[in-house]
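take a look and give me a structure for this.
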Amino acid sequence: MYSRLTALLLHWLRVPPEPQAPHGDPASLRVFRAGKNFLNLRLLKWGVAQIGALAGIIFWFGVFSDLGDRVEQQRTTAPEPKTAASAPAASPAPQVQPPAGNNAVERTVNSVVSEIKTQAEAAGKQMQENRRAKRKLGPVEGFYAWRNGMVNFLSRLPKPAMLVIWFFEIVGLIVYILQLPITFLLARMDYDLRWYMVTDRSLRIRHGLWKVNESTMSFANIQQVEVSQGPLQRLLGLSDVKVQSAGGGSGGGDSHESRGKEDDMHLGLFHSVTNASEIRDLILERLRRFRESGLGDPDEKQAQLMTSSASAVQPDHNELLAAARELAAEARALRTSLG
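Residues are numbered from 1 along each chain as shown. Predicted coordinates for the structure are as follows:
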């Protein structure tokens, strides 16, 4: 089942199941893979993430169930709005006598302005008190304040509003169930699609499914090989082998930065392998033989050939220049003797 799903997913994403061997003698090819504990660690992280997501879904199911009960209770206990038939007959509005004279109008305007100013000051003080109260709230008090606000808000909405909230909750639960096999498959394939290949001339590293990263390094450019191991890797018996090429940095750093290091074009990372010392010794031995044999990078050899050809042509130009100078000297001597 897993093999069929993997083959189908690789076919859809147009990812070849394994990379081609790098340049070098096919008989010298060595293929390394990440350790089994790396797969166990990936599956453990996946399981913890899924348990956390399920706990969150259950929590919010409980919160919205409680909200529904409180909203229904507030609706039943809220007083019925008074209808026109049951409302007592309104007393006739008092007749407002227009003020007599400009002084009366001025007093009325000043009274209204003073009232507005008093109300604005009171509203400002109330807002400041509310802000101070919110700052003092802890996470639990803040949650209860949010819940009470939601109850007041939802109780003013029509009853179908709660059905919309439950609809999204159920959709979230269905999406969670559907993503379980997909994310498990991706976590498993992240382990299976890691390839570390070494020949007598170069090495090739490939990883990734959605974004495939494949890097090839010639032994002519390798400058440094080191082994690193973080605390968790030490517990699981895993290590990283970092191969630094020309133009890169020092390659230092903790193991938790390994994922970012994998995208460095000057760094070849054998991530979470169980035979780091064997890989390091193999690369150093083949690097030593490569340098002793005098073999180099094909591009460098072509550049050297072009340089040597240019230097071989240079003496011919000097000879021609010397001959021209000698001919000019003889011509000046002949002109002097005739002159």
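
low pLDDT regions in this protein?
For the chain, the stretches with pLDDT under 70 are 78-102, 116, 119, 123, 126-127, 130, 133-137, 247-264, 294-317, 337-339.

any idea which helix or strand carries residue 58?
Assigned by DSSP states H and E, residue 58 falls within helix 36-77.

return the backbone torsion pair for residue 20.
Backbone geometry at residue 20, expressed as degrees, to the nearest 10, gives phi -80, psi 150.

distance of it relative to residue 179?
According to CB to CB, to the nearest Å, residue 20 stands 33 Å off from residue 179. C-betas here are computed from N, CA, C, even on glycine.

packing partners of the helix holding residue 58?
Judged by 3 or more CB pairs under 8 Å, 6 or more residues apart in numbering; DSSP states H and E, helix 36-77 is in contact with helix 139-156, helix 160-192, helix 231-236, strand 267-273.

which one of those is the most hemmed in?
Comparing the helices and strands packed on helix 36-77 by mean neighbour count (mean count of other CB atoms under 10 Å), strand 267-273 comes out on top with a mean of 24.

give me the distance from that strand to the chain's centre.
Here strand 267-273 is found 20 Å from its chain centre; the criterion is CA atoms, centre = their mean, to the nearest Å.

got it, and stretch 112-132?
47 Å.

likewise for stretch 273-286?
From the chain centre to the centre of stretch 273-286 is a distance of 31 Å (CA atoms, centre = their mean).

in it, which residues are buried?
273-274, 276, 279-280, 282-283, 286 (16 or more other CB atoms under 10 Å).

my read: residue 43 touches residue 186, true?
No. Residue 43 is beyond contact range of residue 186, at 11.3 Å (criterion: CB atoms under 8 Å).

which residues does residue 186 contact?
Applying CB atoms under 8 Å, 6 or more residues apart in numbering, we find residue 186 in contact with residue 209.

and it, how far from residue 55?
22 Å.

same question, residue 195
Distance of residue 195 to residue 55, given as CB to CB: 37 Å.

quick one, which of the two is more surrounded?
Using other CB atoms under 10 Å, the more surrounded residue of residue 195 and residue 55 is residue 195, with 17 against 10.

is the closest residue to that one other than its chain neighbours in a helix, a strand, or coil?
Nearest non-adjacent residue to residue 195, counting by CB to CB, 6 or more residues apart in numbering: residue 206, 4.6 Å away. The three-state label given to residue 206 by DSSP: H, G, I helix; E, B strand; the rest coil is strand.
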